[in-house]
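Chemist: Next comes the sequence, and after it the predicted model I'd like to discuss.
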Amino acid sequence: MADENLNPADPPCLHLLSAFLAIEPTDSLIALARVCGEGSVTERVQRFIWSHCISESDGKIHAPYLKSFLKKLITEAELNDCPVLDEIYELYAHYMTQLKDGVAGKETARINKCISFIFPNECLQLSSCPKSRKLLIPLQCSLNMLEGDTGCSVWPSSLYLSECILAFPELFSNRSCFEVGSGVGLVGICLAHVKASEVILSDGDMSTLANMKVNLEASHLSIGTDVQKTIEDPKRVKCIYLPWESAGEEQLRGFKPDIIMGADVIYDPVCLPHLVRVLGSLLNQTKPCSEKQNENRHVSLPESTCATRDIFNVAKQGNEDSSNGFEAFLGKTETNGASSVAVVVSRKGPLALIASVIRNVDTFNYFLSLIDKASLTITDLTETLKPMNLLPYMHSYKRSEIRLFIVSCKHSS
Ligand SMILES: C[S@@+](CC[C@H](N)C(=O)[O-])C[C@H]1O[C@@H](n2cnc3c(N)ncnc32)[C@H](O)[C@@H]1O
């Protein structure tokens, strides 16, 4: 029968498949599976899970995770008197004999997940939107977010910065971008995707750097460790070991990025003075005149994808004197009768885009005081530059908890 198979391109199925590949919590998968079956995990839904999620993952999905998902799937189907596919019972029985219950695998073990950025119809005009409307980024990560494996997990702010890069590619393309505390390297992979002219990723943890390189290779990017300009290679990403505590001024002066980025790097008060010094040094760089960019960039987006306000000037939000050399305007424009929002970014010097979940207010206030002492300014852009939601299936990702800030020098000219 033609209607027997669910279509993997239909949003409910696409979301279920994407959540499975991203190793979303298994309860979340069951909720998405119910949507596919209009209320229950019917045989049709199970067949979709079997052929598109389990079989296609080719044994690469973390076994304890798959075992837990199968258990919940069987329980859910039985509760609703839905027959369970033999294949699903058999695979679960196999895991029952192979894996002890409650064993989630070694805490330091790496797992493979895949983040799918899903572009809605209105994004087709974006240069970052692939023809398939889906950008898949494979990542090797740790199951354990803490205890030395901090940089091997995907933190929510890097998902947010990635959405910003993919939603506003014109702000990053042909610009030199430098990330501090890059972790798994997701932001860098997105920057390479939108064709930043240079992508430099850094971290102060060696095992994080090794894991990041695995991820860059999985996305077919070539890796460099030096910072010298080499032959233009859009697929080249530089990875450097850069602990903030020991980063020397001379070393930092060697980088002349247009945009510095950081995701979830404001959490340890001990490291913050060093992080702010690094940001200050990178922001104080001026390019030789020939390379200096003092330009406007215009990005037109459908109205639904941006915060809608009348002209809004970030730099003039506060004190005129604290002009941070960066101005972002949002204004409604009318093209061929279609309403859209234009984001106009004008820049006079390098700027830093920092995304963060504020977990501890005291730590964040300490960061603000250090920023002020370093003669830097910080502006909250969260309500101004809102990326569209490219991860609609990811229920574990609480994008409303993330703030986006611009940091720049007080007196950049
Ligand atoms: C919370 S993780 C965020 C990782 C990544 N940006 C993300 O959002 O997924 C913080 C990152 O900063 C790095 N980091 C922490 N302290 C650092 C330091 N003092 N110098 C350099 N990197 C540091 C860690 O190794 C880790 O990769």
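Modeler: Received the coordinates, thanks.

Chemist: can you tell me which residues contact residue 69?
Modeler: Listed by C-beta atoms under 8 Å, 6 or more residues apart in numbering, the contact set of residue 69 reads 20, 26, 29. (C-beta placed from N, C-alpha, C; glycine too.)

Chemist: Just those: which are in helices?
Modeler: 20, 26, 29 (DSSP state H).

Chemist: export the contacts of residue 69 to TSV and tack on distance to residue 379, neighbour count and pLDDT?
Modeler: Putting the contacts of residue 69 into TSV (distance: C-beta to C-beta, whole Å; neighbours: other C-beta atoms under 10 Å; pLDDT from 0 to 100) gives the following:
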residue	distance to residue 379	neighbour count	pLDDT
20	39	27	97
26	40	19	96
29	39	27	97
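
Chemist: and which of those is nearest to the ligand?
Modeler: residue 20 (20.9 Å; C-beta to the nearest ligand atom).

Chemist: ok, so what distance separates the closest residue to the closest one other than its chain neighbours from the ligand?
Modeler: Excluding the flanking residues, the one nearest residue 20 by C-beta to C-beta, 6 or more residues apart in numbering is residue 53, at 4.3 Å. Distance of residue 53 to the ligand, computed by C-beta to the nearest ligand atom, to the nearest Å: 25 Å.

Chemist: Over to residue 159?
Modeler: 8 Å.

Chemist: I'd like the distance from the helix or strand where that residue lies to the chain centre, please.
Modeler: Here residue 159, judged by DSSP states H and E, is contained in helix 156-167. Distance of helix 156-167 from its chain centroid, counting by C-alpha atoms, centre = their mean, to the nearest Å, is 4 Å.

Chemist: Summarise which helices and strands it is packed against.
Modeler: In terms of contacts (3 or more C-beta pairs under 8 Å, 6 or more residues apart in numbering; DSSP states H and E), helix 156-167 is packed against strand 110-118, helix 186-193, strand 259-263, strand 351-357, strand 402-409.

Chemist: is the ligand contacted by the helix or strand just after it?
Modeler: Later in the chain than helix 156-167, the nearest helix or strand by DSSP H and E is strand 176-180. No - applying C-beta under 6 Å from any ligand atom, one finds strand 176-180 separated from the ligand by no less than 6.6 Å.

Chemist: What lies in contact with strand 176-180?
Modeler: 187-188, 191, 196-202, 242, 244, 255-263, 265, 275, 278-279, 282.

Chemist: try stretch 87-96
Modeler: 46, 49-50, 54, 63, 66-67, 70-71, 73-74.

Chemist: Next: stretch 32-52.
Modeler: 4-6, 8, 12-13, 15-17, 19-20, 30, 73, 76-77, 80, 82-85, 87-88, 393.

Chemist: Buried only: go through those residues for me.
Modeler: Among the contacts of stretch 32-52, those classed as buried by neighbour count (16 or more other C-beta atoms under 10 Å) are 6, 12-13, 15-17, 19-20, 30, 73, 76-77, 82, 84-85, 88, 393.

Chemist: For this protein, which residues are neighbours of the ligand?
Modeler: Neighbours of the ligand within the chain, by C-beta under 6 Å from any ligand atom: 150-151, 154-155, 157-158, 181-184, 203-205, 208, 242-245, 263-265, 271, 274.

Chemist: what do you get if the cut-off is 5 Å, keeping everything else the same?
Modeler: Contact residues, the chain versus the ligand (C-beta under 5 Å from any ligand atom): 150-151, 155, 157-158, 181, 183, 203-205, 208, 243-244, 263-264, 271.

Chemist: where's the dip in pLDDT among the contacts of stretch 87-96?
Modeler: Ranked by pLDDT, the contacts of stretch 87-96 bottom out at residue 63 (91).

Chemist: Just give the closest residue to that one, not the sequence neighbours.
Modeler: residue 99 (6.0 Å).

Chemist: doesn't residue 64 make contact with the one you found?
Modeler: Yes - applying C-beta atoms under 8 Å, one finds residue 99 in contact with residue 64, separated by 5.9 Å.

Chemist: the more surrounded of those two?
Modeler: For residue 99 versus residue 64, neighbours defined as other C-beta atoms under 10 Å are more numerous around residue 64 (19 against 16).
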